[in-house]
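> model the following, please.
(2 chains)
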There are 2 protein chains.
Amino acid sequence: MVKKCRIGTEEVETLWEEVRELSLGTSTEVERLNSPPSPLEFLRNFVAPNKPCIISNALDHWPALSLWSSDDYLCQALGSAEVSVHLTPNGRADSLSGSLVAYAQQQNDCFRTEYSVLGSDCDTHIDWASEALGCLPEAVNLWIGNNRSEASFHKDHYENLYAVVSGEKHFLLLPPTDVHRLYIRQYPAANYSYSQDTGEFNLEFDDPIRHVPWCSVNPYPPKGREEKEHNEFPLYFNGPKPFECTVKAGEMLYLPSMWFHYVKQSPRTIAVNYWYDMQFDIKYAYFNFLQSINPIA
Amino acid sequence: MVKKCRIGTEEVETLWEEVRELSLGTSTEVERLNSPPSPLEFLRNFVAPNKPCIISNALDHWPALSLWSSDDYLCQALGSAEVSVHLTPNGRADSLSGSLVAYAQQQNDCFRTEYSVLGSDCDTHIDWASEALGCLPEAVNLWIGNNRSEASFHKDHYENLYAVVSGEKHFLLLPPTDVHRLYIRQYPAANYSYSQDTGEFNLEFDDPIRHVPWCSVNPYPPKGREEKEHNEFPLYFNGPKPFECTVKAGEMLYLPSMWFHYVKQSPRTIAVNYWYDMQFDIKYAYFNFLQSINPIA
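Prediction:
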């Protein structure tokens, strides 16, 4: 005899506060390390507690750090390589809502496939992270974008080391405990098709139609829609502010598994990220339990 | 406007199952290691995922392993030491429910204080655990008991390494996700006072009366009360069986923080346990959230 009904938001609000008070800190800043941690420190202080950090001086020995500031070098190196870009009318490669914006952001291990000619410019893996996690990266991806490329709030089922080689990436981060604040709903999957003849975009829904869960919240609503969006998504806009950080060239962000992130970047930003398999452990089970509860009155 | 009500047991039952399927395993056995793990392995495979294990050959180099099998040695070594024992009419030093049973089970760092003369017989800390956890033990306790000494279900806010030197300890273990299955209720705090004149025990409540939360479930109900207790605590008796293990002399149990444990032992069991500070991280915040919900219809 199962009695099902919604619980109040009071308990989840306590959870959002407690994870900040106990572990993450109550400011919106991300902890910074001046140099790479030892494998034990990384595992103990960041991976195990599911806590982000920014590591300075992590890529000092990468040839990419100087080489990739030159467009000539990249054009020459990639001259004969065929690469994929995501074309969108507004730069939101994965957003729900234009002019043409190209964003190289394949998430299919592209750095070790399409872009393999650049491989020797970076490390093939992050040694202290591989030792901590006990494995090599499952995928390494290259990201090339400009200030009109962005990624809406989403999470990945990977431990993520995100190295910025050129430019700056701006992240908004929310821990997995805050899942209800993003109003994840089912949306129909679609892609833009671009006609070279007309120069126009056409939004095409998958056929047959399939729905995918996606975060509804745009943290920067367009002018004139602020009040409407604040009213529609009060748990986001009235709750604790997201963690906010800028990762500069030469720095690396540890983005823990299951953390929601929204990403923008400065003009001409190039980054390489390393996805390591996450552990599907008690934290993941707790997350699924939390998500199975609907506290929104 | 907070709308509060109970949720069904369906979601918590899924949580109990999922943590076993994903991480702990669906048998009731505890993973066994043939030798001590490296600090990284211990942290990655057991502490971070909050998962117990039994380590064989972990105390091979302790003089205690041979010395403590002799009562003569212990009597001589401790001849002039003043030590504390818990006297109870039935051996349940911390139970809710009598003949005289003495159980040396102070949990106040007694091995490094009252029993310091035995200190050189054991390691002062567990080196691979100290390196993994980045600290030394907060307390080291000695346990001397017999087959009538037991500890009812409870949890500790420590990472616990439990080394059995002589005899055998039998544990029932439940992960923190299963908190609702133990029916934690408020009970008045009390102690037995023993009168040497009359040879009788008297249960004395703390004055002023104070209440402490305690697990209601006795996993081995006395004969004749089985049906009654099964009906009173169905989430325990009808849910997944607890993990069960016997830790023998020379073996060590890693009992993760926040795990509920019930402990019995064979005649003449001596153990030393090392309590390391736990991290109050996202797992702890999730646990408090789970506990704040009352799914019992």
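> drop to CA atoms for contacts and neighbour counts, all remaining ones
Will do.
> pull the helix or strand with minimum mean pLDDT from chain A.
Within chain A, no helix or strand scores below strand A:101-103, which has a mean of 62 by mean pLDDT, DSSP states H and E.
> can you name the element that comes right after it?
Proceeding N to C from strand A:101-103, the next assigned helix or strand is helix A:127-133, under DSSP states H and E.
> is chain B within reach of that next one?
Yes: using C-alpha under 8 Å from any C-alpha of the partner chain, helix A:127-133 reaches chain B at A:132-133.
> give the other helices and strands that the helix or strand that that helix is followed by contacts.
Sequence-wise, the next helix or strand downstream of helix A:127-133 (DSSP H and E) is strand A:139-145. Helices and strands touching strand A:139-145, by 3 or more C-alpha pairs under 8 Å, 6 or more residues apart in numbering or on different chains; DSSP states H and E, are strand A:101-103, strand A:269-277.
> need the winner for burial among those strands.
Of the helices and strands packed on strand A:139-145, the one with the most neighbours on average (mean count of other C-alpha atoms under 10 Å in any protein chain shown) is strand A:269-277, at a mean of 22.
> give me the sheet partners of that strand and which way each runs.
strand A:139-145 (antiparallel), strand A:158-166 (antiparallel) (DSSP bridges).
> quick one: mean pLDDT over that strand.
Regarding strand A:269-277, the rounded mean pLDDT is 96.
> model confidence at the nearest residue to A:Ser38 once chain neighbours are set aside, what's the number?
Computed as C-alpha to C-alpha, 6 or more residues apart in numbering or on different chains, the closest residue to A:Ser38 that is not its neighbour in sequence is A:Trp128, at 6.2 Å. We have a pLDDT of 98 for A:Trp128.
> and A:Trp128, how far from A:Arg44?
The gap separating A:Trp128 from A:Arg44 is 13 Å, by C-alpha to C-alpha, to the nearest Å.
> just to revisit the earlier point, comparing the strands paired with strand A:269-277 by mean pLDDT, which bottoms out?
Taking the mean pLDDT of the strands paired with strand A:269-277, strand A:139-145 comes last: a mean of 91.
> give me every residue in the stretch 51-200 of chain A lying close to chain B.
A:132-133, A:177.
> so A:Tyr286, which state does it fall into?
Applying DSSP: H, G, I helix; E, B strand; the rest coil to A:Tyr286 yields a three-state assignment of helix.
> dump the residue contacts of the closest residue to it other than its chain neighbours.
Leaving aside its sequence neighbours, A:Tyr286 sits nearest to B:Tyr286 (C-alpha to C-alpha, 6+ apart; 6.5 Å). Neighbour list for B:Tyr286: A:15, A:177, A:286 [criterion: C-alpha atoms under 8 Å, 6 or more residues apart in numbering or on different chains].
> now do the same contact list for the second one.
Meaning A:Thr177. Neighbours of A:Thr177 in contact, by C-alpha under 8 Å, 6+ apart: A:15-16, A:19, A:287, A:290, B:286.
> identify the residues contacting the residue most central in space within chain A.
Closest residue to the average C-alpha location of chain A: A:His261 at 4.4 Å, with C-alpha atoms, centre = their mean. For A:His261, the contact set (C-alpha under 8 Å, 6+ apart) comprises A:152-155, A:171-174.
> what would the strands paired with strand A:269-277 look like in TSV with mean neighbour count?
Below are these laid out as TSV (neighbours: other C-alpha atoms under 10 Å in any protein chain shown):
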stretch	mean neighbour count
strand A:139-145	22
strand A:158-166	24
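> nearest to B:Glu10, of these?
For B:Glu10, the closest of the strands paired with strand A:269-277 is strand A:158-166, at 28.2 Å, according to C-alpha to C-alpha.
> which one of A:Trp128 and A:Arg44 has more residues nearby?
For A:Trp128 versus A:Arg44, the count of surrounding residues by other C-alpha atoms under 10 Å in any protein chain shown is larger for A:Arg44: 22 against 17.
> give the contact list for the more buried one.
B:43, B:48, B:132-133.
> show the pLDDT at it.
98.
> now it: how far from A:Ala285?
From A:Arg44 across to A:Ala285, the span is 20 Å (C-alpha to C-alpha).
> for A:Leu253, same thing?
Taken as C-alpha to C-alpha, the span from A:Leu253 to A:Ala285 is 25 Å.
> which one of these two has more residues nearby?
A:Leu253 (25 against 22).
> you'd agree the more buried one is in a strand?
Yes: looking at A:Leu253 with three-state DSSP, it is inside a strand.
> the nearest residue to it once chain neighbours are set aside: what's it in contact with?
Leaving out its chain neighbours, the residue that sits closest to A:Leu253 by C-alpha to C-alpha, 6+ apart is A:Ile54, at 4.5 Å. Going by C-alpha under 8 Å, 6+ apart, A:Ile54 touches A:30-33, A:247, A:251-254.
> go again with 7 Å.
A:30-33, A:251-254 (C-alpha atoms under 7 Å, 6 or more residues apart in numbering or on different chains).
> quick check: it vs A:Ala249, distance?
Computed as C-alpha to C-alpha, the A:Ile54 to A:Ala249 distance reads 12 Å.
> ditto for A:Leu182
29 Å.
> check A:Phe280 too.
32 Å.
> what about the two, which has more around it?
A count of neighbours by other C-alpha under 10 Å puts A:Ala249 above the other of A:Phe280 and A:Ala249, at 21 against 16.
> need the contact list for the residue of the stretch 151-297 of chain A found nearest chain B.
Here the stretch 151-297 of chain A gets closest to chain B at one residue, A:Asp281, 5.0 Å apart by C-alpha to the nearest C-alpha. Counting by C-alpha under 7 Å, 6+ apart, A:Asp281 makes contact with B:19, B:22-23, B:49.
> pull out the buried residues from those residues.
For these, a burial check counting by 16 or more other C-alpha atoms under 10 Å in any protein chain shown picks out B:19, B:23, B:49.
> check these against chain A, which are close?
B:19, B:23, B:49 (C-alpha under 7 Å from any C-alpha of the partner chain).
> nearest to A:Ala64, of these?
Closest approach between these and A:Ala64, by C-alpha to C-alpha: B:Pro49, at 35.9 Å.
> now that closest one, what's its secondary structure?
coil.
> phi and psi next, for it.
When read as degrees, to the nearest 10, the backbone of B:Pro49 gives phi -80, psi 0.
> distance of it relative to A:Pro49?
10 Å.
> with A:Leu33 instead?
Relative to A:Pro49, A:Leu33 is positioned 16 Å away (C-alpha to C-alpha).
> could you list every residue that touches the residue lying closest to A:Phe111 once chain neighbours are set aside?
Distances taken as C-alpha to C-alpha, 6+ apart put A:Asn141 closest to A:Phe111, at 4.8 Å, once the chain neighbours are dropped. The contact partners of A:Asn141, by C-alpha under 7 Å, 6+ apart, come to A:106-111, A:272-274.
> can we see that at 8 Å?
A:105-112, A:272-274.
> look up how far chain B lies from it.
Note on A:Asn141: its distance to chain B, by C-alpha to the nearest C-alpha, to the nearest Å, is 25 Å.
> bridging residues for A:Lys244?
No Lys there; residue A:244 is Glu. With DSSP bridges as the rule, A:Glu244 is bridged to A:Leu172.
> cool, and the one 10 residues further on?
Bridge pairing for A:Tyr254 (DSSP bridges) gives the partners A:Cys53, A:Leu161.
> repeat for the one 10 residues further on
According to DSSP bridges, the partner residues bridging A:Lys264 are A:Glu150, A:His170.
> got any ranges where the stretch 51-200 of chain A has weak pLDDT?
The model of the stretch 51-200 of chain A has pLDDT under 70 over residues A:85, A:87-106.
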